[in-house]
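Novice: Got a sequence here, can you build the structure:
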Amino acid sequence: MAVDQGTTSTRAIVFDAHGRIVSSAQREHSQILPRAGWVEHDAMEIWTNTEWVVSAAMSQAKLGAGAIAGLGVTNQRETAIVWDRRTGRPIHHAIVWQDTRTQPRIDELAADGGSDRFAEVTGLPLATYFSASKIAWILEHVAGARQAAEAGDLLFGTPDSWVVWNLTGGSRGGMHITDVTNASRTLLMDLRKLEWSDDLLAVWGIPKKMMPEIRSSSEVYGHVQVPGVARGIPVAGILGDQQAATFGQAAFEAGESKNTYGTGNFLLVGTGTEVVRSQHGLLTTLAYQCEGEPARYALEGSIAVTGSLVQWLRDNLGIIQESRDVERLAASVDDNGGAYFVPAFSGLFAPYWRPDARGALVGLTRYVNKAHIARAALESTAFQTRDVVEAVVADTGRSLAEIRVDGGMTRNDTLMQFQADILGFPVVRPKVVETTALGAAYAAGLATGVWGSRDDLRAHWQEDRRFESVMGEDERERRYRQWKKAVSKSMDWVDDDARVLMGTTAAAD
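Specialist: Numbers count the residues shown, from 1 in each chain. This next block holds a predicted model:
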């Protein structure tokens, strides 16, 4: 079984020994937006949903706990949860990876040493994206939090730690752990030592006793201890969602890659046991570590807004009723009508790292209608992916022959065809596109002996459809030049005037 705790929902999926889905259950949680740029989740709602989906998936499959060999957890990364170990209650809403409230602290630190001042140790630039500034914000803004943390009463974790702590007993002895992939996204872990950096904890003012123990991604950590919720099942795998998707795509070795289309898009390319520092705006991150083996590393291109842009069209503009309607609407026109949509709602992530950018819809004329806007929204996902692919090629010196894709948006054939067109090489969709959950299940199954090796997992991967580029080179490059022009228009937006407006909006809210 995999528990997939994502940005918008939590799922539980039961897989058989061939990697096929037996049953699944899913439940969305609330997106809490208290101010412009702030994004929060209710961690108690997430845990309640986790209990529900685990029970529902097992009930649907008519399985008891004894039929489940192991449980793997995968999760939205970087999102920060701080809770009281005595009561089991969070002291503040989870601060989500998309949240930008800590930008002033990031700017302050970057002014003394630049945005890469910690990159040699962590592989990451200074950005609101990562967990460190979020933990520091909670300690500074919640009454009594710092004193409780210093006393050892508060625990920090990304959602994997929160879910595993609750699964294994919570305030009655739950395990406070994380794995190397999630730890590598905090801006607090030494990439090579795989340990929390005392120096970085001091920079952020975070007591080390708050931090979870760092473990490998595939080992038996403990057992489920929740009455009525699959009690006794070994908890045996933890992977951040993008690393889990890479694992699920069987992209284990250096040079192998995948691109996940979810709330955001995330391209990972393995670099083996070598730590490769990007010179072109990518992140150096952990890919995975199996128990008793050296850690494997990757370069990652992180894009903040792709699938969530479709939700925005649905919820904020109301031009579609359901997310799946976007393909039909976009396919009703032949092109974007000259409109380009840069969804820099939280600034631009890889490869630009421009927190001053904001969303821009440019090239509008009276000819443009909602179908063109829907198409421009989908195309923005493909253009942003090309941006990070170009960075991968520049860093590695190797062109990609094809790209394996996964995630919910890959069911959109219109998007996948345009993706192949704008890249100029094949896009390959597997039969199981829920590779994030599959990767977590694989990690648990390896640890519990369901599969003997990663080679066994490779044998399960099957191609569903291959999208070949049919767009001419001149047209592809013309459209990409227009995209780059649109990106330039989104930058330098956040200044003192914009901050005043955002503050006024927040006060009105």
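
Novice: those strands in the stretch 351-500 of the chain, which residues are they?
Specialist: With DSSP state E, counting those that start in this stretch applied, the stretch 351-500 of the chain shows strands at 360-362, 403-406, 427-430, 463-467, listed in chain order.

Novice: For the longest one, which outside residues touch it?
Specialist: Residues from elsewhere that reach strand 463-467 (C-beta atoms under 8 Å, 6 or more residues apart in numbering): 402, 413, 416-417, 419-420, 426-431, 433. To be clear about C-beta, it is placed using only N, CA and C from the backbone, and glycine gets the same treatment.

Novice: That one pairs with which strands?
Specialist: Strand 463-467 has its sheet partners listed here by DSSP bridges as strand 427-430 (antiparallel).

Novice: for the partner strand, what is the average pLDDT?
Specialist: Across strand 427-430, pLDDT averages out at 91.

Novice: so where's the protein shaky on pLDDT?
Specialist: For the chain, applying pLDDT under 70 flags the ranges 495-509.

Novice: Look through it and tell me its longest helix.
Specialist: In terms of residue count, the longest helix belonging to the chain (DSSP state H) is helix 370-396.

Novice: Can you get me the start-to-end distance on stretch 399-414?
Specialist: End-to-end distance of stretch 399-414 (C-alpha to C-alpha, to the nearest Å): 24 Å.

Novice: Mind listing what's buried along it?
Specialist: Under the neighbour-count criterion of 16 or more other C-beta atoms under 10 Å, stretch 399-414 has 400, 403, 404, 405, 406, 407, 408, 409, 410, 412, 414 buried.

Novice: Let's have the residues you listed in a markdown table, adding distance to residue 204.
Specialist: Putting the buried residues of stretch 399-414 into a markdown table (distance: C-beta to C-beta, whole Å) gives the following:
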| residue | distance to residue 204 |
| --- | --- |
| 400 | 36 |
| 403 | 36 |
| 404 | 36 |
| 405 | 36 |
| 406 | 34 |
| 407 | 32 |
| 408 | 34 |
| 409 | 34 |
| 410 | 37 |
| 412 | 40 |
| 414 | 44 |
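
Novice: which among those residues gets closest to residue 126?
Specialist: Nearest to residue 126, judged by C-beta to C-beta, of the buried residues of stretch 399-414 is residue 407 at 27.8 Å.

Novice: List the contacts of that closest one.
Specialist: Going by C-beta under 8 Å, 6+ apart, the list of residues near residue 407 reads 245, 260, 261, 262, 307, 433, 435, 436.

Novice: again, only using 6 Å
Specialist: Contacts for residue 407 (C-beta atoms under 6 Å, 6 or more residues apart in numbering) come out as 260, 261, 262.

Novice: top of the residues you listed by neighbour count?
Specialist: Counting neighbours by other C-beta atoms under 10 Å, residue 260 leads the contacts of residue 407 with 30 neighbours.

Novice: wait, it sits on residue 245?
Specialist: Yes - taking C-beta atoms under 6 Å as the definition, residue 260 is a contact partner of residue 245 at 4.4 Å.

Novice: Give the residues shared as contacts by the two.
Specialist: Residues touching both residue 260 and residue 245 by C-beta under 6 Å, 6+ apart: residue 406.

Novice: Give me the three-state assignment for residue 308.
Specialist: What DSSP: H, G, I helix; E, B strand; the rest coil gives for residue 308 is helix.

Novice: Skipping its backbone neighbours, what lies nearest it in space?
Specialist: Nearest non-adjacent residue to residue 308, counting by C-beta to C-beta, 6 or more residues apart in numbering: residue 263, 4.7 Å away.

Novice: Assess the claim that that neighbour and residue 310 are in contact.
Specialist: No - in this structure, residue 263 is not within contact of residue 310 by C-beta under 6 Å, at 9.8 Å.

Novice: and the spatially most distant residue from the centre of the chain, what does it touch?
Specialist: Most distant residue from the mean C-alpha position of the chain: residue 366, 36.9 Å away (C-alpha atoms, centre = their mean). If you count contacts by C-beta under 6 Å, 6+ apart, residue 366 has none.
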